[in-house]
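Okay, here's the prediction I keep looking at, along with the sequence it came from:
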There are 2 protein chains.
Amino acid sequence: MDHVSLCECDNCDLKDLFFGFVDPEEVDSMCKTRVEKTYQKGEEIIMAGNLISDFIYLKSGLVKLFRTDSHGKSQIIAIGKPMDFVSLMSVFSDEEYKYSVSALEQSTVCIIELSKVTDLAAHNGKFALGVMRKMSRISDNIILDFLEIRKKQLRGRIAHVILMFSKDVFNSSVFDLPISRKEFAEFIGMTTENVIRTLSEFRKDKLLRIYGKSIEIVNMEMLERISEHG
Amino acid sequence: MDHVSLCECDNCDLKDLFFGFVDPEEVDSMCKTRVEKTYQKGEEIIMAGNLISDFIYLKSGLVKLFRTDSHGKSQIIAIGKPMDFVSLMSVFSDEEYKYSVSALEQSTVCIIELSKVTDLAAHNGKFALGVMRKMSRISDNIILDFLEIRKKQLRGRIAHVILMFSKDVFNSSVFDLPISRKEFAEFIGMTTENVIRTLSEFRKDKLLRIYGKSIEIVNMEMLERISEHG
DNA sequence: CGCGGCTTTGATGTTCATCAAGTAAAGTGG
DNA sequence: CCACTTTACTTGATGAACATCAAAGCCGCG
């Protein structure tokens, strides 16, 4: 954790997303108790198993949502960008976090006491309805992505994830992969070695240019074909 | 579809689950527009792609939640029993269903016009909060189960699903498998042949007794061991 | 500098999908 | 009710996809 301060809600994108139907006074009251924290790459924002006492929202940066089992093996559930979840899931269902969240790059989150949010939801149904919509969309997307990945094999999964980063996260055919090869493997449910091997193949086949984490998509159509069925 | 009627909400389990914080009058008003439908085994309750206009809840029976891709291949997302979802997911996020739902055995659902429910949520935050809790829990469970299955291999996945039916659905070590071998395969992301082969192995190893769909778990500890790591 | 973690490649074996072929069960029309 | 078709189930043989093991280079960090 880097930096702690009160934030100004008027300029925050979060406001439009969540507080559309909330009285300005109430937004103001929330704002006063709001805290921002900035995490460096690699730092853990949420630890699975911890008690949920806050409503946490990603303002900037990039995070991974993951789980670690008793043998220390991790599985990545999703990549989260601003305007995406963070602690949005689980928050209303249970007492403790089901997932861990950590920063893939420097990330700033906004933290609100959970009871403040549930109180607000309890007496402002339109606000609650908005949160419900957001929650539904988030978990639907995660599940659909799981299904999408599950029906492909190695090469298709890798192409899929590369395209996801290119299109959904960075909006560019050139970007720095924000995850390690090992994390890539944990995301698609394959081994690190096979992720590396396949990336090398894609380079040899002139689909990608790769230097370490830096990736450039050279043959987008072919990559899409492989993602579809390859 | 079999049978259409108005239902009496006072005896319905749904009432406690969803309408805990709702005025009796409002519950009554909902009740008047409520419709029950009974579906036979194999009938489709919800079709992915259809417009969402109703809030649908499973009163009795057993259903599968699934998706079919453009090549006609299906993937099963979850098995739903009463007090579980049905149309709970997607409902608030989008205009059309993302998943299909069909009956694995004779099932009765309760149908409420969606706008009635969202109107109620919009002016009754406690009700909305309750629905949020339920939604969170449902999608959390689906995602956690996906992760659980993904980290196992064939034998472990099969053991896992058998145990799930035994413990979560039927509460018995003897039960009739409510899905075909093909559906079993679609649920765990493997081929039909390998599901059959593995079930046959489990029979030879005297873990299970199998006659067609009828299953008896003979060696529970061993099955659990295989599910954990096998 | 040396240690540990990440990356890379190759060789090997296991796991799983695919193909084929046959039996059983279940629905369909005369 | 029986021939007929279709769908589900089953087993074996084969090859493809993938994990595992091993070895070495690289990089950051104390």
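Arrived safely, thanks for sending. Not measured: the values here are computed from a predicted model. Residues are numbered from 1 along each chain as shown, chains lettered A, B, ... in the order given.

All the strands of chain A, residue numbers only.
A:4-5, A:35-39, A:44-46, A:54-68, A:74-80, A:100-113, A:174-176, A:208-211, A:214-217 (DSSP state E).

got CSV for the ones you listed, with distance to residue B:44 and mean pLDDT too?
C-beta here means a position set from N, CA and C on the backbone, and glycine is covered the same way. Below are those laid out as CSV (distance: least, CB to CB, whole Å; pLDDT from 0 to 100):
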stretch, distance to residue B:44, mean pLDDT
strand A:4-5, 53, 46
strand A:35-39, 46, 91
strand A:44-46, 39, 92
strand A:54-68, 33, 92
strand A:74-80, 30, 95
strand A:100-113, 37, 92
strand A:174-176, 42, 95
strand A:208-211, 42, 93
strand A:214-217, 40, 95
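
right, so of those strands, which gets closest to DNA strand D?
strand A:208-211 (9.7 Å; CB to the nearest atom of the strand).

before we move on, back to that, the strands of chain A into a markdown table, with extra columns for mean neighbour count and distance to DNA strand C?
Putting these into a markdown table (neighbours: other CB atoms under 10 Å in any protein chain shown; distance: least, CB to the nearest atom of the strand, whole Å) gives the following:
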| stretch | mean neighbour count | distance to DNA strand C |
| --- | --- | --- |
| strand A:4-5 | 10 | 28 |
| strand A:35-39 | 18 | 17 |
| strand A:44-46 | 19 | 14 |
| strand A:54-68 | 21 | 13 |
| strand A:74-80 | 21 | 10 |
| strand A:100-113 | 20 | 12 |
| strand A:174-176 | 13 | 11 |
| strand A:208-211 | 14 | 7 |
| strand A:214-217 | 17 | 10 |
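
Now do the most centrally placed residue in chain A against residue B:13, distance only.
Nearest to the mean C-alpha position of chain A, by CA atoms, centre = their mean, lies residue A:80 at 1.2 Å. Using CB to CB, to the nearest Å, residue A:80 is found at 36 Å from residue B:13.

swap in residue A:141?
31 Å.

Looking at the two, which has the bigger crowd around it?
Taking neighbours as other CB atoms under 10 Å in any protein chain shown, residue A:141 and residue B:13 compare with residue A:141 leading, 16 against 12.

Just the pLDDT for the more buried one.
pLDDT recorded at residue A:141 is 91.

Pairing partners for the closest residue to it other than its chain neighbours in the sheet, please.
Spatially, and ignoring its direct neighbours in sequence, residue A:141 is nearest to residue A:78 (7.9 Å; CB to CB, 6 or more residues apart in numbering or on different chains). Counting by DSSP bridges, residue A:78 is bridged to residue A:65.

Redo the strands of chain A as JSON lines? Include distance to residue A:124.
Shown next, in JSON lines, are those (distance: least, CB to CB, whole Å):
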{"stretch": "strand A:4-5", "distance to residue A:124": "27"}
{"stretch": "strand A:35-39", "distance to residue A:124": "22"}
{"stretch": "strand A:44-46", "distance to residue A:124": "26"}
{"stretch": "strand A:54-68", "distance to residue A:124": "15"}
{"stretch": "strand A:74-80", "distance to residue A:124": "26"}
{"stretch": "strand A:100-113", "distance to residue A:124": "14"}
{"stretch": "strand A:174-176", "distance to residue A:124": "40"}
{"stretch": "strand A:208-211", "distance to residue A:124": "48"}
{"stretch": "strand A:214-217", "distance to residue A:124": "44"}
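
any chance of the ones you listed in a markdown table, with distance to DNA strand D too?
Output for the strands of chain A, formatted as a markdown table (distance: least, CB to the nearest atom of the strand, whole Å):
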| stretch | distance to DNA strand D |
| --- | --- |
| strand A:4-5 | 23 |
| strand A:35-39 | 16 |
| strand A:44-46 | 17 |
| strand A:54-68 | 17 |
| strand A:74-80 | 12 |
| strand A:100-113 | 14 |
| strand A:174-176 | 13 |
| strand A:208-211 | 10 |
| strand A:214-217 | 13 |
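
Figure out which of those strands is closest to residue A:145.
Nearest of the strands of chain A to residue A:145, taken as CB to CB: strand A:74-80 at 7.1 Å.

CA atoms only for the closest one - export them in PDB, please.
Provided in PDB are the C-alpha atoms of strand A:74-80 (Å, rounded to 0.1, in the frame of the first residue of the first chain):
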ATOM      1  CA  SER A  74      -3.300 -20.900  -8.000                       C
ATOM      2  CA  GLN A  75      -6.000 -20.500 -10.500                       C
ATOM      3  CA  ILE A  76      -6.800 -17.200 -12.100                       C
ATOM      4  CA  ILE A  77     -10.500 -16.500 -12.400                       C
ATOM      5  CA  ALA A  78     -10.500 -13.200 -14.300                       C
ATOM      6  CA  ILE A  79      -8.600 -10.100 -15.100                       C
ATOM      7  CA  GLY A  80     -10.200  -6.900 -13.800                       C
END
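
Check whether the longest helix seen in chain A comes near DNA strand C.
The longest helix of chain A (DSSP state H) is helix A:125-150. No - shown here: helix A:125-150 not in contact with DNA strand C (CB under 7 Å from any atom of the strand), separated by at least 10.2 Å.

Report the buried residues of that helix.
By neighbour count on 16 or more other CB atoms under 10 Å in any protein chain shown, the buried set for helix A:125-150 is A:125-132, A:134-143, A:145-150.

Return the residues of chain A in contact with DNA strand D.
A:153, A:154, A:155, A:189, A:190, A:191, A:193, A:194.

would you turn those residues into JSON lines with neighbour count?
Formatted as JSON lines, these follow (neighbours: other CB atoms under 10 Å in any protein chain shown):
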{"residue": "A:153", "neighbour count": "10"}
{"residue": "A:154", "neighbour count": "17"}
{"residue": "A:155", "neighbour count": "17"}
{"residue": "A:189", "neighbour count": "18"}
{"residue": "A:190", "neighbour count": "17"}
{"residue": "A:191", "neighbour count": "14"}
{"residue": "A:193", "neighbour count": "10"}
{"residue": "A:194", "neighbour count": "17"}
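
Pick out whichever of those residues sits closest to residue B:26.
For those, the nearest to residue B:26 is residue A:189 (46.0 Å; CB to CB).
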